[in-house]
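Trainee: Quick one, fold the following:
(4 chains)
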There are 2 protein chains.
Amino acid sequence: MTDESTNLRRVILDAARHLLAQDGYKHLSMRKLASAIGYSATTIYLHFDSKDALFHALIDEGMSRLYKALHEVHLEHADDPIMRLRMLCRRYIQFGLDEPEYYEVMFMLHPEHMERYPAAKYRRARRNLDLFAQALEDGVAQGQLSVTDSRVAASSTWASLHGAVSLLIAQRLDVRIAQEEFIQASIDQALYGLLPVKPKNNPLTTI
Amino acid sequence: MTDESTNLRRVILDAARHLLAQDGYKHLSMRKLASAIGYSATTIYLHFDSKDALFHALIDEGMSRLYKALHEVHLEHADDPIMRLRMLCRRYIQFGLDEPEYYEVMFMLHPEHMERYPAAKYRRARRNLDLFAQALEDGVAQGQLSVTDSRVAASSTWASLHGAVSLLIAQRLDVRIAQEEFIQASIDQALYGLLPVKPKNNPLTTI
DNA sequence: TTTTAGTAGTTAACACTGTTAACCAGAGAG
DNA sequence: CTCTCTGGTTAACAGTGTTAACTACTAAAA
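Mentor: Presented below is the predicted three-dimensional model:
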């Protein structure tokens, strides 16, 4: 029935995520996925329109999980926007490292796959960015930060974090670089640029 | 002969890059690539061990092109490390936007493909990072920047830029955000964190 | 001049892939 | 007792990366 049906959908998604983490994206085939859960390949198509649709479902789940994590931070540091911002950054990176399978499908898969990702669902993804923008605005309101456009600033902050997580997951960093030190440096570098006090004759303001 | 042989190798690489830009990674097959240059599929295997090897060759080329671009900046602003740093950032982002096909194979393809990318060749990739580290060290020497470990700082700067380029190429940014404004904000945010003058009682220093 | 070796390319085939069409067992309703 | 729906199957299509075996052709050695 419908209950059993949604149940199998869950089983498929979990197995997909598991295989993804185990063998990587390239080796995940519908047949392997099916046999892993003891069904025939075509059964998956009763629950998902295509392989891409299955990935989109994983992306949705990932976005929700990320939002859940970030929202916790949001609530926990509701009164201190600066601390909140710092913890949002930490939490974002932690999410990427804790659940790389999710992170990869969500943000690192080739745009080819994302193209067909329904635009409407992007909105849910944007909620995550809104939490950053909110923290920035609150920080500005308290006179502790200085940003002209909070959405742009939130985006570039996100870009920094995304870059850090991408390089960490893909293991493209020099092995001699300590992970924690790198994370700390990335967050610092991203946030110090938001401070209101800019030194006079700042050499960086040119161009 | 050998000349003709390396020639065909060139033709294959160019066609691959072209098709990659045109149809995306997922739709690039050996047979299509072969028929695009008027040869049979197996001919490609006379010049490349595998599809992955072909991608690795593209990565190599891309790394060289990037280095060429960054090295120009390096020479042009040899005497002004701050300006050099700024222009290195700009040039990096510009490279990503000008040659997205290269950039995607180089940095955005799934780690699965990179795993087999020979470790020795990573060194050539690291030359690019060295240009950033060099600029940072020069800036520190002139007392205009403050970084503890130039390699870590260079990496996190790179991460910021990579994040920005990734999001731009994948078109994952909110459409309401102007591209140039975003780029400017990303560079600013990355570089301001390197300034020596940190405001007292800086709220960001906690954790 | 004939034979041999090597080169540059081919076709045929293997074991896969995502996806669709056609089919089949069982269950509940008329 | 039939009829229809549900949840699943097998068979098949077109396409994938890759390998093995084969064919021209060229150049040197006999």
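Trainee: For the rest of this, base every contact and every neighbour count on C-alpha atoms.
Mentor: Fine.
Trainee: any idea how far the nearest residue to residue A:48 once chain neighbours are set aside is from DNA strand C?
Mentor: Leaving out its chain neighbours, the residue that sits closest to residue A:48 by CA to CA, 6 or more residues apart in numbering or on different chains is residue A:54, at 5.8 Å. According to CA to the nearest atom of the strand, to the nearest Å, residue A:54 stands 8 Å off from DNA strand C.
Trainee: just how off-centre is the strand or helix carrying residue A:54 within its chain?
Mentor: According to DSSP states H and E, residue A:54 maps onto helix A:51-76. Centre-to-centre, helix A:51-76 and its host chain are 8 Å apart (CA atoms, centre = their mean, to the nearest Å).
Trainee: Kindly report the same for stretch A:19-37.
Mentor: For stretch A:19-37, the distance to the chain centre is 22 Å (CA atoms, centre = their mean).
Trainee: avg pLDDT for that stretch?
Mentor: Averaging the model's pLDDT scores along stretch A:19-37 yields 92.
Trainee: count of residues packed around residue A:53?
Mentor: The local packing of residue A:53 (other CA atoms under 10 Å in any protein chain shown) involves 17 other residues.
Trainee: no wait, residue A:11
Mentor: Neighbour tally, residue A:11, other CA under 10 Å: 12.
Trainee: now do residue A:58
Mentor: There are 21 residues near residue A:58, going by other CA under 10 Å.
Trainee: Surely it is in contact with residue A:13?
Mentor: Yes - counting by CA atoms under 8 Å, a contact exists between residue A:58 and residue A:13, whose distance comes to 6.9 Å.
Trainee: Could you give the average pLDDT over the helix holding residue A:54?
Mentor: 95.
Trainee: which parts of it are buried?
Mentor: A:53-56, A:58-60, A:62-64, A:66-67, A:69-71, A:73-74 (16 or more other CA atoms under 10 Å in any protein chain shown).
Trainee: for stretch A:35-49, same thing?
Mentor: A:41, A:44, A:47, A:48.
Trainee: Now the terminal residues of that stretch, how far apart.
Mentor: One end of stretch A:35-49 to the other measures 18 Å (CA to CA, to the nearest Å).
Trainee: so, in contact with DNA strand C or not, it?
Mentor: Yes - among the residues of stretch A:35-49, A:41, A:42, A:45, A:49 lie within reach of DNA strand C under CA under 7 Å from any atom of the strand.
Trainee: The second one is in what secondary structure piece?
Mentor: Here residue A:42 sits within helix A:41-44, counting by DSSP H and E.
Trainee: That helix packs against which elements?
Mentor: Where contact means 3 or more CA pairs under 8 Å, 6 or more residues apart in numbering or on different chains; DSSP states H and E, helix A:41-44 is packed against helix A:30-36.
Trainee: Tell me which residue is most central in chain A.
Mentor: In chain A, the centroid-proximal residue (CA atoms, centre = their mean) is residue A:103; its distance is 5.5 Å.
Trainee: Just to check, that one is in contact with residue A:62?
Mentor: Yes - Residue A:103 is in contact with residue A:62 according to CA under 8 Å; the separation is 7.3 Å.
Trainee: What residues does chain A have near DNA strand C?
Mentor: Counting by CA under 7 Å from any atom of the strand, the residues of chain A close to DNA strand C are A:27-32, A:41-42, A:45, A:49-52.
Trainee: Residue A:133 in helix, strand or coil?
Mentor: With DSSP: H, G, I helix; E, B strand; the rest coil as the basis, residue A:133 sits in helix.
Trainee: Contacts only, for it.
Mentor: Counting by CA atoms under 8 Å, 6 or more residues apart in numbering or on different chains, residue A:133 touches A:150, A:151, A:153, A:154.
Trainee: what about residue A:24, how many neighbours?
Mentor: 17.
Trainee: From chain B, how far out is the residue of chain A found nearest DNA strand C?
Mentor: Using CA to the nearest atom of the strand, the closest approach of chain A to DNA strand C is made by residue A:29 at 3.1 Å. Distance, residue A:29 to chain B, using CA to the nearest CA, to the nearest Å: 14 Å.
Trainee: Please report phi then psi for that residue.
Mentor: Main-chain torsions, residue A:29, degrees, to the nearest 10: phi -110, psi 160.
Trainee: Same question for residue A:98.
Mentor: When quoted as degrees, to the nearest 10, the phi and psi of residue A:98 stand at phi -70, psi -40.
Trainee: shouldn't residue A:51 be in contact with residue A:31?
Mentor: No - using CA under 8 Å, residue A:51 is not in contact with residue A:31; the gap is 11.1 Å.
Trainee: The helix holding residue A:42 and DNA strand D, any residue contact?
Mentor: Yes - against DNA strand D, helix A:41-44 shows contacts by CA under 7 Å from any atom of the strand at A:41, A:42, A:43.
Trainee: So chain A: which segments form each domain?
Mentor: A:1-48, A:50-196 (automatic domain parsing).
Trainee: From the chain's centroid, how far away is the longest one?
Mentor: Between the mean C-alpha point of domain A:50-196 and the mean C-alpha point of its chain there is a distance of 5 Å (CA atoms, centre = their mean).
Trainee: shouldn't residue A:85 be in contact with residue A:138?
Mentor: No - the pair residue A:85 and residue A:138 does not pass the contact test of CA under 8 Å, sitting 9.9 Å apart.
Trainee: ok, those two, which is more surrounded?
Mentor: Neighbours around residue A:85 and residue A:138, counted as other CA under 10 Å, are more numerous at residue A:85. The numbers are 25 against 21.
Trainee: Report the contact partners of that one.
Mentor: By CA under 8 Å, 6+ apart, the residues touching residue A:85 are A:132, A:135, A:136.
Trainee: can you do 10 Å?
Mentor: Going by CA atoms under 10 Å, 6 or more residues apart in numbering or on different chains, residue A:85 touches A:73-74, A:77, A:91, A:131-136, A:138-139, A:187, A:191, B:204.
Trainee: Low-confidence ranges, chain A, go.
Mentor: The model of chain A has pLDDT under 70 over residues A:1-6, A:110-121, A:194-207.
Trainee: Which parts of it are helices?
Mentor: A:2-23, A:30-36, A:41-44, A:51-76, A:81-98, A:100-103, A:111-115, A:119-141, A:150-169, A:179-192 (DSSP state H).
Trainee: Would you mind giving these as TSV with distance to residue B:122 added?
Mentor: Below are these laid out as TSV (distance: least, CA to CA, whole Å):
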stretch	distance to residue B:122
helix A:2-23	23
helix A:30-36	33
helix A:41-44	39
helix A:51-76	31
helix A:81-98	23
helix A:100-103	23
helix A:111-115	24
helix A:119-141	33
helix A:150-169	14
helix A:179-192	18
